[in-house]
Structures are given as C-alpha cells and as structure tokens.
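1. Could you look at this predicted model? Sequence included:
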2 protein chains.
Amino acid sequence: MKMANPPQVLRGMRDFLPDRMILRHHVIGIFRSVFERYGFEPLDTPAIEYAETLEGKYGEEADKLIYKFEDRGGRQVGLRYDLTVPLARVVALYPDLPKPFKRYQIAPVWRAERPQKGRYREFWQCDVDTVGSSSMLADAEILAVLHDSLTALGFTQFVIRINNRKLLKGLSTFAGVPEGEEANVLRSVDKLDKIGEVGVRTELLEKGFDEEVVARLFRLLEPGDDTSDLIARLRVQLAESPDAQEGLAELEQLREYLANLGVRESCYRFDLSMVRGLDYYTGPIFETVVEEPRIGSITGGGRYDHLVGIFSGRDIPAVGSTLGLERIVDVMEALHLFPETKTLTQVLVAAFDAETIPEALRLATELRRAGTRVEVPLMEKGGFRKFLSYANAKGVPTVVLLGPDEIARGEVTVRNMADGSQESVPRAEAVARLSGQRAQ
Amino acid sequence: MKMANPPQVLRGMRDFLPDRMILRHHVIGIFRSVFERYGFEPLDTPAIEYAETLEGKYGEEADKLIYKFEDRGGRQVGLRYDLTVPLARVVALYPDLPKPFKRYQIAPVWRAERPQKGRYREFWQCDVDTVGSSSMLADAEILAVLHDSLTALGFTQFVIRINNRKLLKGLSTFAGVPEGEEANVLRSVDKLDKIGEVGVRTELLEKGFDEEVVARLFRLLEPGDDTSDLIARLRVQLAESPDAQEGLAELEQLREYLANLGVRESCYRFDLSMVRGLDYYTGPIFETVVEEPRIGSITGGGRYDHLVGIFSGRDIPAVGSTLGLERIVDVMEALHLFPETKTLTQVLVAAFDAETIPEALRLATELRRAGTRVEVPLMEKGGFRKFLSYANAKGVPTVVLLGPDEIARGEVTVRNMADGSQESVPRAEAVARLSGQRAQ
C-alpha cells in the first residue's frame, strides 16, 4: 500500500478538533434550543440523493458544483448541495405531514467550489423553515428566531436587514424598468454596499438603462432614517403599483408582529437596497450583518413560495433562513463571545500511584454522578508533575491531587490551575465543593 | 426536466422525520453528556477522504463497500466507511494533540451494502475511543461509559460481554490449534450462540481440526457461572501460556477498576465464547447484548493497539467502542423506554381571531423566555376547532385558548389535550403555571 505520509485532508474540507468542536456545539446547542422554543422540530435526510433530485434547481452554475457520481447500482447520485431541496422532497414524499410543517435541519452540505478563505467544499448549514403558511406571522417568527438566537449567543450589535421582493418589483416597474429586466436592475442595486451609488448608477447606464429610469429608481431608493417615514413615503410614491402596495402592507404587518414577539427595534431595519442574490424569493427577504468584524452576512433567508412545491406539482408557501455556522463561529471568536475553554473537562482527579488509583476512581465516580465532567489520568507512568502538565496542556481548570497522606488524613488537595493555588478540602465535602453544589 | 414524481430516497438510506429525530436526539444527548463526564471530547472529520486513506484497512470485502468516485480535480475520493480510520488519520496529522487523546465522534458513515432489514447504506456511528494509553484503566473507562450510557437511557437488563484476545490466543494455542489457525478456530467459536456447541464442534471437525484439539478446546471454553471461579480455573489450566496469563491479568485488573468506577456486576460477564468478528483487536474485547428484543449486539469494541498508528508509522495503543444508534433506538422503542412524545412542543397558544393575535404573541413570547417550547398557529384561517385538531395531529399536550372574552376578563383558557378538560387561569399566573415554574 503506497500512502502519502501522513494522509491529508482534501482541500476545502476540514477536521474539527475538540477545541473547535466545543465552540460549534455551543452554537448549535443554542440554535436548537431557540428553534425548539418556537415549535421547529428536527429533520434529517440522507447525504446522498438521486442526482435528478438535486439538479436543475438553482441553474447551471450551481449544478456544476454538485458532487456527482455513479453508484454501484449504476444510479446517478449526488451529495446534497443545500438543505432546501431535501426539504422540498420530504414535503412531496410525505403529504400527510401536519401543515404548517416547521422543521430545522443542521447538517453538512457539499459544493465543489474553488476553495478560498471562508469558502469550503464541506460546510454546515443551519436551516429553519416553515412550510405551508402564507401568513406574515410565519415570516415574523423566523425573524424572531434569528433575533433570539443571536441574542442568546451574546451578540449585542447586529442588524437584520429586511426588504420585500414584491416591493422591489413594484418599485422597478414604477421607475420604468422594462418588463423582465427587474432582476438585471436589482443585481446592480445589490452592489450599493460595495460600489456605492455612483458605481451602481454607472453600471446601470452601461447596461443600457435609460438615464431617466435610473434617476427615478434612485429617487425611490432614497433611504429613510426612520422606518415609518420610509413606508409612508413609498405608500404615496408607489400608490399606483399594486405589487409595491402589497409588499408595503407585508412589511407593516411584519413590524407589528415583531413588536409583539419582543424583537427589539434596534436589531432590524428595512433596507430597500438589500436584494439578496437568489432569484427564488417571492416576498420578504432578510439577512443579518454585524458591523465588526466586516464579514458579510451571517444569516440569509426570506419567503420563497414556488420552490418547496417543486416536487409536489403545485405552489406551497414557505419561508425560512439559514444561519451561517462557520461565519458565526468566526465572528464570535473575533468578538470574544466564547468562554475561554479549550476543554469541557472541569476536574482532573490525579492519583499519586497505583495504590491510590481506586480512591481516585471512587471520587471521580461520585463527581460524575453529581454531573461534573471529570478526567482521571491514564498515563502508565505518572507522577503529579506529569499530570499537572497534562492538565495545563488541555486547559483543565481544577486538579485534585490524591496521595497516601491526603487519604490518611481524609482530605484531598484541590489545585486551581489558573493561579497555582492549592487548598486542602475534607474528602466528605469534596464532591459538593467540586461539583459546584452547596454542601449540606 | 424529467422527474420521478415524487422523487424517492435511495435504497438503504432514510429520512428521519421529526418524531423519529426527537428519539435520536434524546439518545445522542445522553451519549454526549456521559462521554463528556468521562473527559471524552467531540471530534468531527470530513465525510469525504482520499480513497487511498480509506482503502486497504479492513480487507477486500470492506473495500468493495466504500462509496468511491473521482472528484472534479481528478482525485480518487470516497465517503468514510467508519470513524476509526479518520481517527487514525487525525492522530497522524496532528502529532501535538495531548495524549491520551480521548475523543467521541457521532456521525454518519456510508457502506454500499445490500440493503436488508436493519442494515443501511447510510447509518450513524457513535464512537468513543482513547488513543495513547495501554492502561487497563482506559478499557475500564470505556466499559463504564457503556454502562452509564445504557443506564441513563433507562435500560435495566443488559449484559456487557467481555473477553480478551490474548486469552483466546493462549487458549487456542494451548488446546493444540496449529500456529496461524487461531482466527479460523475463533470464527467458529463465535457461532456458539447461533449454532450451539454441537454445531461448532461439527464445523471445526469439518474444517479438519483434530478431534483431540477440539475436545481440549471445549474443556477450556467451559463457561463458569462465577467470574472469579472461571478466572481461577483458567489460571491453573493455562498456567504455561504467557499469552493467556497476560489476558487473565488484564481481566482481573479490569474487574477491580470496574468496581471502583461503580459498574454494577450484574451488567457485565466474562464470556469466553465471545470473539467479535474483526481481526484487529489485541486485548480486551466487549459487546453488549439485551435479552429482549433479540436484536444482536448494541455496542461493540475493544482494544486495538495496531490500527490507530497505521498512518503514524508506529503502534499506538487504543481502546474504544461503537454504540449502535439505530439498534438502540429500535430496542428502546420495543421496550417503551421513550417518553410518549411525538412533538417537542409543550404549549399551543391559539388566538381566536386577528384581533387577539397580538395578545397571543405576547403570551407566547413570555412563555418562551421562561424556557417553554411554544407554537402559535400560523394558519391563515383558523378557528379554535382547527387549532385543536392541529394540536391533536401533532400531539401537543396543552392548548391555551385566547378569545376576546378571556382577554376582557384577564384570563386564559387552558385545555389539557389528553382528557379534554379545560380551566380558566388568571393571565397573571399563566406563564408561571404553563412554564412549570411555581407562581410567586
């Protein structure tokens, strides 16, 4: 057997060692508990699907990124590209699922992207979606889930940018954009953040749009400091566009629900220039940005009433969002939102020698039964010095030293690894003290 | 686009709908908390590895089961077949990981098996392993983890069968099995459960083993009711086999550690006839069986001192076990060890009409902040009757009805879905009551 030594991980894919996995579990745990508090329930689907199921959903460019192969049975199969197509398949395959069907799925997806900083070939998506409701309440709930999730993670400064595809459509039609050219215009508007108003104007003119149309568009896109003023102005300016009026009504309804759901106003903003790349959105769209560090959006979603029904042969309303696990972990690290832990282990119970191991194991067992995360050194030849250096390397905060003298005195020595201080604790009080419970 | 209508799941793969996922999450949550209490920490690795990394580890038969394909870059890659080879790669790739390296990994693996009842092409493994310790303490810890995990899941009747490969080797050599034929003999012995002693004797004779050798083998294999007696007898019978003596010493050491770790004696048994199929074990081996339902082993593992070092160019001691998530869920369902829940949602807060929605949302928000899992109906057109039938279909245990009369009286109506009883509760007490907190 010829073997690269040692074998590598494929480019664009990653191992998550324990220190990194602890952060990911922390984030996923909070996501799950928030999702579940809103009645979203877990779903899982196979990593491998028929290629036919995956292809043709997001255009040719996306199809090229699907990992495809022929299995032993000669079937064309592929690794899932996202979690939305599997959701659409599930909705079609189990028509008896009670509707609205509210599910979350937290799982890896695979894309044969060119690997680059922050872009991976295997990455996790955390998707939360409601299928089968056209009520703005469903949209508001998704926004509340985003708000609560980020708040629970410790984010204090984030803004969920909200816009509406119906409003954008009405707005571009009203500005005089020719039928069928709206998407083309919006793709340029989407770059406002990156290239500024002058850049977008230039691009639109280069694309051949009328100077008058572009000017009218920008009069409508004028941002308002205050959401109510913005909506009121557009109500008047776009009075004759039914699409725009419908979009505005949805935004107003959303706003009322968000207030009732306890979403702080400082955490979201109606942003006319936020377009989102994908074509399949049909109503409200939303994405979350943080000011620091500048990393792009950390959530993205919206209402997409035509996609989930693709296998069911009819439109099924749906709304949802992805939370970007990778970026959120990166931002939280940059903002120091994680506790300073490299390990989950709380206590290392170190026995002096083979004679004291049984007592160390008994103490460890009592601590574990009290819910404490405990390690016992497994080195063949130990010695306290070696155990302390192991605890140090792993970042275990507390070490209990158990020598024959301590045992004879009915005590244990507790060492705080942060400052090196030690104290003697009566064995009878050790479990209560170390497990963080109050002694009797 | 031509499309099967609706698209199916590939054979041997499964969707896990919420009712099923809730059970899996319940089991995985308990596994994780037990693993972490013993100092095992999470690891994750990519689903896709270089084919070279995966192949040649478990023989040709296994290699045929690997999902292999060529990626866009022309690389031969494959989906992971198990979690042990990725562990070996991680150990080789990050030589600075503190040792012993104690990790768990809970993740799907893929095998192109012929699908049949209980055998899947995508299934989850829950692996817990210690790398870098030859101490029997490491083996004892794995056994204690199995014991605590199954106990925490509610299993009352399970037996971890324990044996030792060194003992088995010494035993077969001593019985007169020719050098190099031990594995062949043990494969037959492994069938004792299925075909009985007569069956195994016949098979061994058919394989051409000497009648005398077979007779001697069975005198040694004689089960003992009592572990101490069994060990004492073998100590004498196999006095001249260093391998057997080493294996027996390991078993005795294990036993002492298990007692110190609080593992009940009724939960494990030394079983000379338990062999385990795989060739790579080198010391203690263990698997767990339940009497009811008869489903085969629900855990399997042991010490394997030559496998993890395969990419590191040297032997690295290791011991660990897999817990079979699929079978454990099946057994728990058969034994009714799961709570009777189809949903995680605890309360449905139903508004009578559009006017009462804001108050319903406010109550739901307060309940969620108190940690309760709450749904608000998202149907466009509702009515209490429809909401009740939705709650019924989903299995939500409690429904709160909020009509204009209730709101005017400062009350809410709480309906117990199990028996249909209803009562009025003052709004001010509703959150404390429904979130299970004691009212002030």
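-> Thanks, I have the structure now.
2. In three-state terms, label A:V412 for me.
-> Assigned with DSSP: H, G, I helix; E, B strand; the rest coil, A:V412 falls in the strand class.
3. check contacts around it.
-> A:363, A:400-402, A:406, A:424-425, A:427, A:430 (Cβ atoms under 8 Å, 6 or more residues apart in numbering or on different chains). Using the backbone N, CA and C atoms, a C-beta is placed for each residue, glycine as well.
4. For the residues you listed, give me a markdown table that also has neighbour count, distance to B:P223 and pLDDT.
-> Listed next are these as a markdown table, based on neighbours: other Cβ atoms under 10 Å in any protein chain shown; distance: Cβ to Cβ, whole Å; pLDDT from 0 to 100:
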| residue | neighbour count | distance to B:P223 | pLDDT |
| --- | --- | --- | --- |
| A:L363 | 23 | 35 | 96 |
| A:V400 | 23 | 41 | 96 |
| A:L401 | 21 | 43 | 93 |
| A:L402 | 26 | 38 | 92 |
| A:E406 | 19 | 43 | 90 |
| A:S424 | 12 | 49 | 95 |
| A:V425 | 17 | 46 | 95 |
| A:R427 | 18 | 41 | 94 |
| A:A430 | 21 | 41 | 94 |
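5. Show me where chain A dips below the pLDDT cut-off.
-> Across chain A, residues meeting the criterion (pLDDT under 70) sit at A:1-5, A:278, A:380-382, A:437-440.
6. Centroid-nearest residue for it?
-> By Cα atoms, centre = their mean, chain A has its centre lying nearest to A:L323, at 2.7 Å.
7. Chain neighbours aside, what residue packs nearest to that one?
-> Distances taken as Cβ to Cβ, 6 or more residues apart in numbering or on different chains place A:C126 nearest to A:L323, at 4.3 Å, with adjacent residues excluded.
8. How about the contacts made by A:Y38?
-> Here A:Y38 is in contact with A:102, A:141, A:144-145, A:148, B:368, B:373-375 (Cβ under 8 Å, 6+ apart).
9. Next, give phi and psi for it.
-> When read as degrees, to the nearest 10, the backbone of A:Y38 gives phi -100, psi 10.
10. residue in the stretch 151-300 of chain A nearest to chain B?
-> The nearest approach of the stretch 151-300 of chain A to chain B comes at A:N260, 3.7 Å away (Cβ to the nearest Cβ).
11. I figured that residue hits B:T365, correct?
-> Yes. The pair A:N260 / B:T365 is scored as a contact, 7.2 Å apart, by Cβ atoms under 8 Å.
12. The residue nearest to A:L323 should be in a helix, yeah?
-> No. Assigned with three-state DSSP, A:C126 falls outside any helix and is strand.
13. For it, list each beta-bridge partner.
-> Counting by DSSP bridges, A:C126 forms beta bridges with A:I106, A:L323.
14. ok, it to A:Y281 distance?
-> With distances taken as Cβ to Cβ, to the nearest Å, A:C126 is found 19 Å from A:Y281.
15. again, but for A:E41
-> Distance, A:E41 to A:Y281, using Cβ to Cβ: 24 Å.
16. now A:F387
-> To A:Y281, A:F387 is 57 Å away according to Cβ to Cβ.
17. nearest residue to A:E122 other than its sequence neighbours?
-> The nearest residue in space to A:E122 (Cβ to Cβ, 6+ apart) is A:M13, at 4.7 Å.
18. and if you look at A:D330?
-> A:I295 (6.5 Å).
19. go on, A:L230?
-> Closest residue in space to A:L230, ignoring its immediate chain neighbours: A:G224 at 3.3 Å, by Cβ to Cβ, 6+ apart.
20. Go ahead and confirm the one you found touches A:R233.
-> Yes. Using Cβ under 8 Å, A:G224 is in contact with A:R233, at 6.6 Å.
21. and the stretch 101-250 of chain A, which residues reach chain B?
-> Residues of the stretch 101-250 of chain A lying close to chain B by Cβ under 8 Å from any Cβ of the partner chain are A:102-103, A:108, A:110, A:112, A:121-122, A:130, A:133-135, A:137-138, A:141, A:144, A:148.
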